[in-house]
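Peer 1: Sequence below, structure please.
(3 chains)
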Amino acid sequence: MNICYKRIIYGALLLALFALILTPGIVPGTDAGFAMAADEVQVADIAADATVADAIATDATVAPAYPPAPKLTAADYPTIKGINSRIVVWIVAQLHLWFAAFVLAVPIFVFIIECIGMKTRDQRYDNMAHEFIKVSITAYSLTAILGGLLVFSLVLFYPDVFRYMSTIFKESMFAYALLFFAESAVLYIYYYGWDWLQGGNKKWVHLTLGLLLNAVGTMLMFQANAWVTFTMSPAAVDAAGVFNGDVWAAIHNFLWNPINIHRVVANVAYGGSVVGAYAAFKFLSAPNKEARAHYDWVGYNANFIAICALLPLPFAGYYLTAEIYAYSQQMGITLMGGVFAWLFIIQAVLIGTLFLSANYYLWCGMGRSDGANRYYPYLKYLAIVIVGAFLVWFTPHTLVLTNGELKSLGGPYHEYLGKFGIMPAKNTAVNIMILFTALSFVFYRRCNKISTVSWAPAGNAAVVALFVAGIINILILGVYYGYFTNTVYKVAASIPQVLTTLVIIVTALTLDSFMYKGAKEVAPLHWGRVSNRSQYALFLLAVAFTWLMGLMGYIRSGIRQHWHVSGIFRDASVDAYTPDLSFAANTVSVATILFMAMVIFVFWLAALSTRKTDASKYWMGQKS
Amino acid sequence: MKNFLQVVTFSLLVIASFAAYASFGIPRIKPAPPPVEEKLDLGAMTMDQFIAVGEKVFNGKGTCTLCHNSMGRAPMLDKVVSISDSRMKDARYKGEATSIVEYIRESMVKPSAFVVAGFGKAGSNDSESPMPDVSGGGIGMSEAEVLAVIAYLQDLGGVEVTVEIPTDVPEESSDDEEGDGEARAPYESAEAIIEELTCGMCHMIGEEEGEMGPDLRTIGALRDKDYLRRAIIDPNAEIAEGFDADMMPDTLGDDLSAKEMEMLVDYLAGLK
Amino acid sequence: MSMTKKRLIPRLLQFALVIAGVYFGFVLLFDVILGALIPKSLLSMYMFFVIAGTFMVFTCTEESAREMVDPIKALVEDPSKKIVRNIVYAVLPLLAGAYIFTSLQLSFEAPVELRSIHPAPPASLKAYGKRFDLATLENPYRKLEKSDPEKFKKLVFEGGEVYIKNCQYCHGDRLDGKGPYADGLNPTPLNFQDVGTIAQLQESYVFWRIATGGPGLPKEAAPWISAMPVWEDFLSEDEIWKVILYLYDYTGMRPRSWKHE
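Peer 2: Below you'll find the predicted structure:
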């Protein structure tokens, strides 16, 4: 009887949640499926109209009339004395984005970790997942506060922009607001119900809640992405900005999906790096050996998540860039060849920093087992290749030359280094860098074990052959197709390169897991036996990631140049000019510091809940 | 606490080094400012701003005050709005306007529709106006600018402004990325220059018989090229006897290219 | 952990040797063997990451890290190394001072000017009294390559004539940017044989650059020190399109295009 009663409650709960999520979905233009259905209905309607009676007004007269994009003057932008509205909106939006990325990413890997815990029945995973979600709870309310602040700043400083956007996206914005109820409800139940929903069917319910949380979160982000990409690649509007009423087309604009993919992957990598920094700090200030071991292990897992998402990230980035080019050559060249060209050198340096520090963390981590001695001699070769690939990667297309060098070289093009400046070289380099990072990971996995399967030598030979063949393939694709064919093939060659890399990584790791199934442990893995230096690599990862995201936010917004909505809604404010890189870097730095301060506050809050002060003497009727 | 400070210091150093690299490690390029938009932001304009635009066009680009001034070359326009009605009823009126706005508009683009007595072209018995079409060639006012000038004239005349601010006028010379303004085709001949700059309004030259400035039909016999060039670029440097200073616009030197200037000077010097 | 064996070369010295070796390796490779010097700005960035990478390898195990740090610690703390310490303490500030002194020295070299070689094009371009939309502009003759190869060949030949009469003085008869006048120009004329030039661009872009020349460069590409003339004044629209055909034909490059062949 009791069990039955509970099941009914769970079922009702789940149904209610589904209903919550689907309600906004019914509003046109919030969900792919529904909107497409709506489209079909509309098409059918029009067809029916046409056949039944031509005289019936077409949908042009039925459709609500939308205003064109306003043409503003500097006077239309309210100002508050002593406050630069652009910088306010910039920093608030960036902070909101960082927190949102973190808050959306954490449930993704909390869900995965919970699954792993369920599968392995290792409670450490469950505890870790619980701890992660605890950190993200406080961050969640900060995200909402910053989101509110962002809307206020937009309404205050850019009222016409906000009005224009909200006339087009009114349904989607309303749905977005409603969806927050679902997000909050699921998140709180997921977190507060963690200890309640344990074991058996209850665990399954909890896991379902985790899945729901991610579904709602992703939906939220996709909607916000639609507004952003609309300003870059407006759709469903004419040249004057008059909206044709097709909300789904406005949402599903040219850059929507590329940004969606890029952001989901980047969020996971970012969330992993922030949680890694949290674990690193806990590790450094751990009071005892057990805590050190625990946080070493947590930090390792967080870093693992970050690296897993980091590996495909450059490809998502290339896809986005290619789509920007395809959308508008002018936007593409503004992005890559104009003022922002140097930004990509900074980006390359930062991504290199990410890869180097992630590798360094793995190498240091090998010291957890004495068995790693067998692999140390190889590390220098890994380092040579990774650093070498990285050098190719950030060699700029336009070299900074002194006049003497210019004369000596006979022009701004370097006969040899110039070849590193273009995309095929960089694609090749990044693929190799990723492959060798994966190799670092393979070494790390093997450091405390020795394979006992009979086919181990053959397996090793296969892995080596796989890597060698793959690298040769990548080089041929990069060098032959990249330099000796035309653009279509140049760009197209990057796809098999990526596929090669992914195939190698997946196959090598699968093979490896079979080879080391039941492997003999040569030396135990001592969690906690890792240098403090390696923890700083985790901090570097988190800080570099945060800063890099800020910088890329600047360029994503910057390539619109002096437009609120690219090409149709001009920015007439005094701040319509594009700020230079140095200014942007300083703004991003300030924002990063603000973000760090807030994150420290969030972490401190998470630790606060476990602190207790004994005040039994204070209260009446209690004896000490 | 020591750990905390170390970590914070480390992070700040990392951020500082990124910022320093972005500021000093790579060359600084100042992005070009947004292109200057010449077209009027009509959608976001109040009537007062629109009238201000009209005033600016009237005194500047429109070159209206060159003639419509106290020198008596053309009628004064401060009261034009209040007498438009009587003009439209006049027997000599050849236009089709039915309202004040239409009448003024017509008089700007088809000036000969009504010529005020005494202001017609010499010899035309006030049937033909010496005024050029403001929307064409040399002046090139846009539809919006014409309306802005009408709004200004209504305001000047102290009547209610009935012009509506247009919202969707076709834009000429739209977003010009180089921001070099409208580039006109170079003039082909000195005759074309004289025609386009309406020199004959004031000077006697060719078929034209203006009387405000010196007779140019035989100017080449009297003046050398240097004098002519200076007289075009800086008209007030030396005033011919019997004529007033400040009559001739001093912007011609800016409007003509060096080649065109020489073409014009050669032509004038050849008039003997 | 305790198997610190005596090394032939101390770890710290190894570290220094590796870095010096890479540095001189770069200089040797580019300046001497390849004969195309490596720019200082790039070399310093390269070296920064080489040092970072070397540091990573040398400090990733505890003992190696200790071996790196110990000599430095000893230098600072060990009483028996007093003389060496004093020398180092005296020399280091002097070196730093000398570095700063030399880097603050005024030189007669003109400041580095950075030019954006492929500045972002405008959305449209005014030439020949009309407006070209750069996003959709195509070479009208390009399609003949497939449909009428004979005619195309003839057009390429005519383009070659235009090139030899007008362009080769600077860009060279082999299109390598080494024409007879090239030495007198700074920036030097573009080398069309380089994969980084016309092969990266659409034909509309090349048309824009030829038609409006140096003076037509957008502001971000300033300073306008390019000597490229405004060819709109000298060549017909037709001739520019033909010369573009020739540029690609001679160098064997393909214009950037999103169409499949």
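Peer 1: what does the stretch 1-150 of chain B put close to chain A?
Peer 2: Within the stretch 1-150 of chain B, the positions lying close to chain A (C-beta under 8 Å from any C-beta of the partner chain) are B:3-4, B:6-8, B:10-12, B:14-16, B:18-19, B:21-23, B:26-35, B:37, B:41-45. (Glycine included, C-beta is placed from N, CA and C.)
Peer 1: what about the residue of the stretch 151-261 of chain C found nearest chain A, how many residues close to it?
Peer 2: At 3.1 Å from chain A, C:Arg254 is the closest residue in the stretch 151-261 of chain C, using C-beta to the nearest C-beta. Look at C:Arg254: counted by other C-beta atoms under 10 Å in any protein chain shown, it has 16 neighbours.
Peer 1: okay, and for the stretch 51-200 of chain C, where does confidence drop off?
Peer 2: The stretch 51-200 of chain C contains residues with pLDDT under 70 at C:110-118.
Peer 1: give me the element the residue of it at minimum distance from chain B is part of.
Peer 2: The nearest approach of the stretch 51-200 of chain C to chain B comes at C:Pro122, 3.3 Å away (C-beta to the nearest C-beta). Of the helices and strands defined by DSSP states H and E, none includes C:Pro122.
Peer 1: In this structure it contacts C:Thr212, no?
Peer 2: No. Assessed by C-beta atoms under 8 Å, C:Pro122 is found out of contact with C:Thr212, at 9.5 Å.
Peer 1: Determine if any part of stretch A:540-553 is in contact with chain B.
Peer 2: Yes. Applying C-beta under 8 Å from any C-beta, one finds stretch A:540-553 touching chain B at A:Leu540, A:Val543, A:Ala544, A:Trp547, A:Leu551.
Peer 1: can you count the residues close to A:Phe514?
Peer 2: So A:Phe514, with other C-beta under 10 Å, has 11 neighbours.
Peer 1: Next, the residue in the stretch 1-150 of chain A that chain C sits nearest to: phi, psi?
Peer 2: Going by C-beta to the nearest C-beta, chain C is nearest to A:Ala69 of the stretch 1-150 of chain A, at 17.0 Å. With angles defined as degrees, to the nearest 10, A:Ala69 sits at phi -60, psi 130.
Peer 1: What is the neighbour count of it?
Peer 2: A:Ala69 has 26 nearby residues by other C-beta under 10 Å.
Peer 1: do the same with A:Tyr381
Peer 2: 12.
Peer 1: same deal with C:Leu175?
Peer 2: Residues near C:Leu175, counting by other C-beta under 10 Å: 24.
Peer 1: Is it in a helix, a strand, or coil?
Peer 2: Put simply, C:Leu175 is coil when judged by DSSP: H, G, I helix; E, B strand; the rest coil.
Peer 1: quick check, the longest helix anywhere in chain B touching chain C?
Peer 2: Using DSSP state H, we find that the single longest helix of chain B is helix B:2-20. No. Helix B:2-20 lies out of reach of chain C by C-beta under 8 Å from any C-beta, never closer than 10.4 Å.
Peer 1: Pull the distance from that helix to the chain's centre.
Peer 2: Taking C-alpha atoms, centre = their mean, to the nearest Å, one finds helix B:2-20 lying 60 Å from the centre of the chain it belongs to.
Peer 1: Stretch B:2-21 too?
Peer 2: On C-alpha atoms, centre = their mean, the centre of stretch B:2-21 falls 59 Å from the chain's centre.
Peer 1: Up against chain C, what does the stretch 1-150 of chain B have?
Peer 2: Residues of the stretch 1-150 of chain B lying near chain C (C-beta under 8 Å from any C-beta): B:Gly25, B:Pro27, B:Ile29, B:Lys30, B:Pro31, B:Ala32, B:Pro33.
Peer 1: Sitting in helices, which of those residues do you find?
Peer 2: Among those, no member falls in helices (DSSP H).
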